[in-house]
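Novice: Sequence and predicted model, in that order:
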Amino acid sequence: MNYVLALFLPPLSILFTGRIFLSIFVFIIWVPAIIFSGGLTHPMFILLAWVLIYQSGEERRTRRLERAWRDED
């Protein structure tokens, strides 16, 4: 669901990954970029959001595996 949200509101989907300051910074850049470029820069923000969503999922998986590995010992 977060990937679909990134298509329309990249700063909000970045906020949902837990990166508060980055989402504020992206929002500050995103709004003027959309207005002045007519939407040509929007795919760049979508890709940034998708990479951050993927990275947060990988971090979650890594933490889960590390916790499981520690609990085995």
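Specialist: Noted; the coordinates are in hand.

Novice: can you tell me which helix in this protein is longest?
Specialist: helix 42-72 (DSSP state H).

Novice: Just list what that helix packs against, helices and strands only.
Specialist: For helix 42-72, the packing partners by 3 or more Cβ pairs under 8 Å, 6 or more residues apart in numbering; DSSP states H and E come out as helix 2-8, helix 10-16, helix 20-37. Glycine gets a C-beta too; all of them are placed from N, C-alpha and C.

Novice: Mean neighbour count and mean pLDDT added to the ones you listed, as CSV?
Specialist: Putting the helices and strands packed on helix 42-72 into CSV (neighbours: other Cβ atoms under 10 Å; pLDDT from 0 to 100) gives the following:
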stretch, mean neighbour count, mean pLDDT
helix 2-8, 14, 93
helix 10-16, 21, 95
helix 20-37, 14, 94
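
Novice: got the ones you listed as TSV, with distance to D71 columns?
Specialist: Listed next are those as TSV, based on distance: least, Cβ to Cβ, whole Å:
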stretch	distance to D71
helix 2-8	28
helix 10-16	28
helix 20-37	30
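
Novice: what's the closest of these to A68?
Specialist: Closest of the helices and strands packed on helix 42-72 to A68 is helix 2-8, at 24.4 Å (criterion: Cβ to Cβ).

Novice: what's that closest one in contact with?
Specialist: Residues external to helix 2-8 that are found in contact with it (Cβ atoms under 8 Å, 6 or more residues apart in numbering): 12-14, 16-17, 46, 49-50, 53.

Novice: and what of stretch 63-73?
Specialist: The contact list for stretch 63-73 (Cβ under 8 Å, 6+ apart) is empty.

Novice: could you dump that stretch to CSV, C-alpha only?
Specialist: These are the backbone C-alpha positions of stretch 63-73, laid out as CSV (Å, rounded to 0.1, in the frame of the first residue of the first chain):
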residue,chain,number,x,y,z
ARG,A,63,16.4,-6.9,12.8
ARG,A,64,13.9,-9.8,12.9
LEU,A,65,16.6,-12.3,11.7
GLU,A,66,19.2,-10.9,14.2
ARG,A,67,16.6,-11.2,17.0
ALA,A,68,15.8,-14.8,16.0
TRP,A,69,19.5,-15.6,15.8
ARG,A,70,20.2,-14.2,19.3
ASP,A,71,17.2,-16.1,20.8
GLU,A,72,18.6,-19.4,19.5
ASP,A,73,21.8,-19.0,21.6
